[in-house]
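Peer 1: Predicted coordinates and the sequence they were generated for:
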Amino acid sequence: MGPGATVRVNKDDVLQAAADFDSEANRLEERVAYYPGEMTAAAKPVLRDPGSRDVSNVLKKKLREDGTSYINRAQEYVRQLRTVANQLR
């Protein structure tokens, strides 16, 4: 757009964008709800040696337990999507 260009905002388009954000939040929330169990299984020690236990503990924190874990990040993203959808309404 060049100087003096006009942007038109249509209420229906904004409401559709809100619905799209909600839809993506629902899709992602469903996946996030499924994967913690899968990640727990993936983080179990393979052997009974100390190295396997140490790696398992690190994986659990990285995948699920730590405040910056992948699951927590995904849940935060879902909250952000819902916030945007609510702001558009």
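Peer 2: Happy to help now that I have it.
Peer 1: Return the residues in contact with A17.
Peer 2: L88 (Cβ atoms under 8 Å, 6 or more residues apart in numbering). (Glycine included, C-beta is placed from N, CA and C.)
Peer 1: Actually, V78.
Peer 2: V78 makes contact with A25, L28, E29, V32, according to Cβ under 8 Å, 6+ apart.
Peer 1: Please verify my assumption that the second one contacts E76.
Peer 2: Just to be clear, that refers to L28. No: assessed by Cβ atoms under 8 Å, L28 is found out of contact with E76, at 10.9 Å.
Peer 1: Compare the two and say which is more crowded by neighbours.
Peer 2: Counted by other Cβ atoms under 10 Å, L28 and E76 do not tie: L28 has more neighbours, with 15 against 12.
Peer 1: Mind telling me what element the spatially most central residue of the chain is part of?
Peer 2: Central residue of the chain (Cα atoms, centre = their mean): A74, 2.1 Å from the mean position. Here A74, judged by DSSP states H and E, is contained in helix 70-88.
Peer 1: What mean pLDDT does the longest helix anywhere in the chain get?
Peer 2: Assignment by DSSP state H gives helix 11-42 as the longest helix of the chain. Computed over helix 11-42, the mean pLDDT rounds to 86.
Peer 1: now the angle between helix 70-88 and it, please.
Peer 2: 170 degrees (axes from the mean of the first three to the mean of the last three Cα atoms, to 10 degrees).
Peer 1: who does the helix or strand following helix 11-42 touch, helix- and strand-wise?
Peer 2: Next helix or strand after helix 11-42 toward the C-terminus (DSSP H and E): helix 50-60. If contacts are counted by 3 or more Cβ pairs under 8 Å, 6 or more residues apart in numbering; DSSP states H and E, helix 50-60 sits against helix 11-42.
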